[in-house]
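Chemist: predicted model and sequence follow; I will ask about them next.
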Amino acid sequence: MANKNDQHCAAPSGRNAFFTTTEPAPGVFFVQGPASNWIIVRDESGFILIDSGYPGDSALVLDSMRRLGLEPADAKAMLLTHGHIDHTGSAALFSRTFGTPILCSAEELAHVQGLEKHQVSFGQALRKAWRPKVAAWMVHAISAGAFKAEPATAAQAWTAEQLKALPGRPEAIVVAGHTAGNVALVLPDADAIATGDCLITGHPISSHTGPQFLDPMFDTCPGAVPGSLDALAGVSASVILPGHGPALATSLSGAISAARG
């Protein structure tokens with residue numbers, strides 16, 4: 001199983017930005033960006049992208065694909081775990097430039113299209129800015145284009161049949177709480193799961209690495225996420241691909257138990 005590590009690319013804005021690509025499961029390339037992650041899933045039928053970083057990460061997203069010998073214009077689709085700007089950052093670009101289908105859950109569609117907004121406010125974050133990690137994260141988010149995000153107005157809601165026909169045969173499970181339509185995407189052929197932000201392994205404002213939840217200030221329904229993971233009961237996966245933090249080779253049930261403490 002190949003590993004591609006420490007691939008660096010400076011963003012055109014001059015930010016000190018980089019990404020690291022690994023292959024934690026065959027055909028599944030996990031890209032850990034400056035503050036959020038994206039995933040490239042490839043098989044004999046082509047490839048898809050899951051999530052896409054901040055708006056300022058677009059050059060990194062494109063470069064991460066090309067370093068794998070892939071042309072961004074050939075992506076079958078971009079799947080979004082939810083509509084926050086650190087996951088949808090390149091969606092409008094891919095839609096406009098390459099005609100890439102942008103797909104999300106029906107519950108999240110208005111959020112992704114920009115018709116609704118469920119995002120931590122500047123005021124909410126500012127109240128916690130006395131914490132050095134929060135202040136540093138705010139600076140990064142602003143420099144990464146948080147205030148210049150372009151909604152993916154052409155996004156569409158996926159169907160189970162549509163997902164199954166894509167590379168990796170992803171299966172979507174709504175895990176509400178972080179946002180109303182936040183999903184986890186199961187990749188059955190890889191025994192892996194992309195958990196988006198319902199289960200992470202690290203974050204710029206977190207003090208540790210390992211299975212955990214985001215600070216509740218990021219959630220639409222603070223405190224609801226741990227219980228909402230009951231939606232994943234019975235799902236088998238041995239590779240966790242979070243929206244923030246490193247990929248983790250462990251059972252999904254074990255990771256959920258560890259996060260819940």
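Modeler: Perfect, thanks for sending it.
Chemist: helix or strand with the lowest mean pLDDT in the chain?
Modeler: helix 122-126 (a mean of 68; mean pLDDT, DSSP states H and E).
Chemist: residue 51 and residue 33 touch, don't they?
Modeler: No: Residue 51 lies out of contact with residue 33 (C-beta atoms under 8 Å); the separation is 9.5 Å. From N, CA and C alone the C-beta is placed, and that goes for glycine too.
Chemist: low-confidence bits of the stretch 101-250 of the chain, can you list those?
Modeler: Across the stretch 101-250 of the chain, the ranges flagged by pLDDT under 70 are 120-123, 125, 129.
Chemist: again, 90 this time
Modeler: Applying pLDDT under 90 to the stretch 101-250 of the chain flags residues 116-149, 217, 222.
Chemist: shouldn't residue 142 be within a helix?
Modeler: Yes: when DSSP: H, G, I helix; E, B strand; the rest coil is applied, residue 142 is found to be in a helix.
Chemist: and the helix or strand harbouring residue 30, what does it pack onto?
Modeler: Using DSSP states H and E, residue 30 maps to strand 28-32. Here strand 28-32 touches strand 20-25, strand 37-43, helix 58-66, strand 239-242, going by 3 or more C-beta pairs under 8 Å, 6 or more residues apart in numbering; DSSP states H and E.
Chemist: name every strand pairing with that strand and say which way it goes.
Modeler: The strands beside strand 28-32 in its sheet (DSSP bridges) come out as strand 20-25 (antiparallel), strand 37-43 (antiparallel).
Chemist: angle of it against helix 58-66?
Modeler: Angle, strand 28-32 to helix 58-66, by axes from the mean of the first three to the mean of the last three C-alpha atoms, to 10 degrees: 150 degrees.
Chemist: ranking the strands paired with strand 28-32 by burial, who's on top?
Modeler: strand 37-43 (a mean of 24; mean count of other C-beta atoms under 10 Å).
Chemist: C-terminal to that one, what's the next element?
Modeler: Downstream of strand 37-43, the next assigned helix or strand under DSSP H and E is strand 46-50.
Chemist: buried residues in that following strand, which are they?
Modeler: 47-50 (16 or more other C-beta atoms under 10 Å).
Chemist: what ranges does the stretch 51-200 of the chain have for its strands?
Modeler: For the stretch 51-200 of the chain, applying DSSP state E, counting those that start in this stretch gives strands covering 78-79, 102-104, 156-157, 171-174, 183-187, 192-196.
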